[in-house]
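[1] Pasting the sequence and the predicted model now:
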Protein chains: 2
Amino acid sequence: MRKIKGSRRPEILDAALAVAAEDGIDALTMRTVAARIGVTPMAIYGYFRNKDELLDALVGRILADVTPPPGNLSWSETILGLAVEVRAVARRYPAVFPLLFTRPAVHPSAILIVDRLFDALLRAGVEPAQVPRVERMISTFVLGYAVSEVGGRFAEGSLDTRSRRAQLAPDQLPGHRAVAEQLDAPVDWDAEFRADLEGLLAVVTGPGAPGRRQPADLPAPTG
Amino acid sequence: MRKIKGSRRPEILDAALAVAAEDGIDALTMRTVAARIGVTPMAIYGYFRNKDELLDALVGRILADVTPPPGNLSWSETILGLAVEVRAVARRYPAVFPLLFTRPAVHPSAILIVDRLFDALLRAGVEPAQVPRVERMISTFVLGYAVSEVGGRFAEGSLDTRSRRAQLAPDQLPGHRAVAEQLDAPVDWDAEFRADLEGLLAVVTGPGAPGRRQPADLPAPTG
DNA sequence: ACCTGAACACCGTTCAAGT
DNA sequence: ACCTGAACACCGTTCAAGT
């Protein structure tokens, strides 16, 4: 594997990102990526052992786009800022972002983000023993929400649409019936994401939360 | 598409599940699935328009394995029970479960689960206007956690392991340094999942939560 | 050190044909 | 109604060879 200075690895990863952006993840093949930088498919094997390793590196490349917030922010502003950044990156690379959920977060860029979260949670007064757990909880929610949005899991649909899909009469979906009006209303995803996050931060640091040590600067919920 | 009685669709889906369980998602091809039920690859196209439609149906098949809790449980027992079931199903089908996050939840089995969640949240006193949002929050966390576990995203690793991966000195990861002892300790994933969920339920229904209407039977956190 | 070219064992899918 | 068989345009990847 050539990892020397002047390696074309970044060039290849950018080409992969471009191919996926234009034609989707299925179009991202060794052959299309190679063609985009004007080489033969086999040339890529000089930089990545195989396609799997290329996709792993792509995960690192995507997370490298998450610009960390400045160091002088409060713990809650830091976490919210990182979350908003991650979600913005998901929207920037919708076709490939779901890869983040299937491949281990072992890249330098991922570890740097986790480190900022650890630090912010400690400043929030979370007990060190609870910090890794809370970090997993927050990053799971943030990644999950971002992937759900870009992957189409948050399919909207009226009561009628949903009961048709379920092949059931509306009466057999009492929960849906009770909130039918809400299912017709458009969703403000930005506001929902923020409200959810603020709720999450409240639970991990709020009064009575397990692993809580001292008061913190949690903002009032705005949702 | 043959959707008549006596269709072999269930047989095909079970074969797909078996192939993935034995040899992984990459081995799940039209050809291997066909071979497993003793037909030619082209026979499958009589039941599914293409591979994508087969995978979509597989998502429904997986969720159909989630046995809904009995109707006489409290709202919190209902939600916890569903969550535990979903996580159990993820562990049953680790190779294919991540598909749930990439494909819209429009299958009858998915809608039935959502309906139970809607109902439980209403019983918890969540305002109808907030119910769909809270449902998305909970299901995003539950699915995200389950996928992270089976997909290996929750890679454990000591401070040393992580700083090596990050290609950084431990000093450049102050957050990790501060919780280094925790990174060496083994994680009780069952307990963590439960503690996280109870925290989540507390935030959506606890005192001061947005969309709260009346007291509810939230259990005390056990984590 | 870096890249090419031919080849191999696979894919998903179309089309025409069989019973 | 259900399935087969041959064929097509792709894949990822190996190997040997070029400069």
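    Thanks, I have the structure now. Numbers count the residues shown, from 1 in each chain, chains lettered A, B, ... in the order given.

[2] going forward, measure contacts and count neighbours with C-alpha atoms only.
    Will do.

[3] Most distant residue from the centre of chain A?
    Ranked by distance from the centre of chain A (C-alpha atoms, centre = their mean), the top residue is residue A:171, with 36.4 Å.

[4] what angle separates whichever helix in chain A runs longest from helix B:131-151?
    Ordering each helix of chain A by length in residues (DSSP state H) puts helix A:131-151 first. The directions of helix A:131-151 and helix B:131-151 differ by 110 degrees, with axes from the mean of the first three to the mean of the last three C-alpha atoms, to 10 degrees as the criterion.

[5] Just the residues contacting helix A:131-151, thanks.
    Residues from elsewhere that reach helix A:131-151, judged by C-alpha atoms under 8 Å, 6 or more residues apart in numbering or on different chains: A:83, A:86-87, A:90-91, A:94-95, A:97-98, A:100-101, A:114, A:117-118, A:121-122, A:154, A:193, A:200, A:204, B:101-104, B:137, B:140-141, B:143-145, B:148, B:154, B:179, B:182-183, B:192, B:196.

[6] Quick check: the residue farthest from the centre of chain A touching residue A:180?
    No - applying C-alpha atoms under 8 Å as the test, residue A:171 and residue A:180 come out as separate, 11.6 Å apart.

[7] picking that back up, tell me the spacing between the closest residue to the residue farthest from the centre of chain A other than its chain neighbours and residue A:184.
    Among residues not flanking residue A:171 along the chain, residue A:177 sits closest, at 7.3 Å (C-alpha to C-alpha, 6 or more residues apart in numbering or on different chains). Going from residue A:177 to residue A:184 by C-alpha to C-alpha, to the nearest Å gives 12 Å.

[8] quick one, what contacts the residue lying closest to residue A:153 once chain neighbours are set aside?
    Nearest residue to residue A:153, sequence neighbours excluded (C-alpha to C-alpha, 6+ apart): residue B:104, at 4.0 Å. Shown in contact with residue B:104 (C-alpha under 8 Å, 6+ apart): A:151-155.

[9] could I get those as JSON lines with pLDDT and neighbour count?
    Formatted as JSON lines, the contacts of residue B:104 follow (pLDDT from 0 to 100; neighbours: other C-alpha atoms under 10 Å in any protein chain shown):
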{"residue": "A:151", "pLDDT": "89", "neighbour count": "20"}
{"residue": "A:152", "pLDDT": "85", "neighbour count": "14"}
{"residue": "A:153", "pLDDT": "91", "neighbour count": "19"}
{"residue": "A:154", "pLDDT": "91", "neighbour count": "18"}
{"residue": "A:155", "pLDDT": "81", "neighbour count": "13"}
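
[10] Tell me the pLDDT of the spatially most central residue of chain A.
    With distances taken as C-alpha atoms, centre = their mean, the residue of chain A nearest its centroid is residue A:143 (2.9 Å). Residue A:143 carries a pLDDT value of 97.

[11] Equivalent analysis for residue A:8, please.
    Confidence score, pLDDT, at residue A:8: 96.

[12] Please determine how far the closest residue to it other than its chain neighbours is located from DNA strand C.
    Once flanking residues are discounted, residue A:8 sits nearest to residue A:47: 7.4 Å by C-alpha to C-alpha, 6+ apart. In this structure, residue A:47 and DNA strand C are 8 Å apart, going by C-alpha to the nearest atom of the strand, to the nearest Å.

[13] how about the strands in chain A?
    For chain A, no strands are identified by DSSP state E.

[14] any residues touching stretch A:46-65, and which ones?
    Stretch A:46-65 is contacted from outside by A:1-3, A:7-9, A:13, A:16-17, A:30, A:86, A:89, A:93, A:97, A:99-100, A:103, A:107-110, using C-alpha under 8 Å, 6+ apart.

[15] Can you report how many residues neighbour the closest residue to DNA strand D within chain A?
    When scored by C-alpha to the nearest atom of the strand, chain A has residue A:29 as its residue closest to DNA strand D, at 3.1 Å. Residue A:29 has 15 neighbouring residues, counting by other C-alpha atoms under 10 Å in any protein chain shown.

[16] Check residue A:49 too.
    12.

[17] Over to residue A:128?
    What residue A:128 shows, counting by other C-alpha under 10 Å, is a neighbour count of 22.

[18] Can you tell me how far the residue nearest to it when sequence neighbours are not counted is from residue B:54?
    Using C-alpha to C-alpha, 6+ apart and skipping residues adjacent in sequence, the residue nearest residue A:128 is residue B:179, 5.6 Å away. Noted for residue B:179: a distance of 45 Å to residue B:54, by C-alpha to C-alpha.

[19] for residue A:157, same thing?
    23 Å.

[20] Between the two, tell me which one has more neighbours.
    Shown here are residue A:157 and residue B:54; by other C-alpha under 10 Å, residue B:54 has more neighbours (19 against 16).

[21] hmm, back to that, do you know how far the residue of chain A closest to DNA strand D is from residue A:44?
    The value you get for residue A:29 to residue A:44, if C-alpha to C-alpha is used, is 11 Å.

[22] Kindly report the same for residue A:153.
    Counting by C-alpha to C-alpha - residue A:153 and residue A:44 are separated by 34 Å.

[23] So residue A:180 versus residue A:146, what's the distance?
    Going from residue A:180 to residue A:146 by C-alpha to C-alpha gives 25 Å.

[24] So for the two, which sits in the more crowded spot?
    residue A:146 (24 against 19).

[25] Which pLDDT does the model give the more buried one?
    Per-residue confidence at residue A:146 stands at 98 (pLDDT).

[26] Flag the shaky bits of chain A, pLDDT-wise.
    A:1-6, A:206-223 (pLDDT under 70).

[27] What is the neighbour count of residue A:35?
    There are 13 residues near residue A:35, going by other C-alpha under 10 Å.

[28] Without its sequence neighbours, what residue ends up closest to it?
    Nearest to residue A:35 is residue A:41, by C-alpha to C-alpha, 6+ apart, at 7.3 Å.

[29] how about that neighbour, what does it touch?
    A:30-31, A:33-35.

[30] picking up where we left off before, for the residue nearest to residue A:128, what are its contacts?
    A:118, A:128-129, A:131-132.

[31] Could you export these to JSON lines, including columns for distance to residue B:73?
    Formatted as JSON lines, the contacts of residue B:179 follow (distance: C-alpha to C-alpha, whole Å):
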{"residue": "A:118", "distance to residue B:73": "37"}
{"residue": "A:128", "distance to residue B:73": "36"}
{"residue": "A:129", "distance to residue B:73": "33"}
{"residue": "A:131", "distance to residue B:73": "33"}
{"residue": "A:132", "distance to residue B:73": "32"}
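
[32] Report the buried members of these.
    Among the contacts of residue B:179, those classed as buried by 16 or more other C-alpha atoms under 10 Å in any protein chain shown are A:118, A:128, A:131-132.
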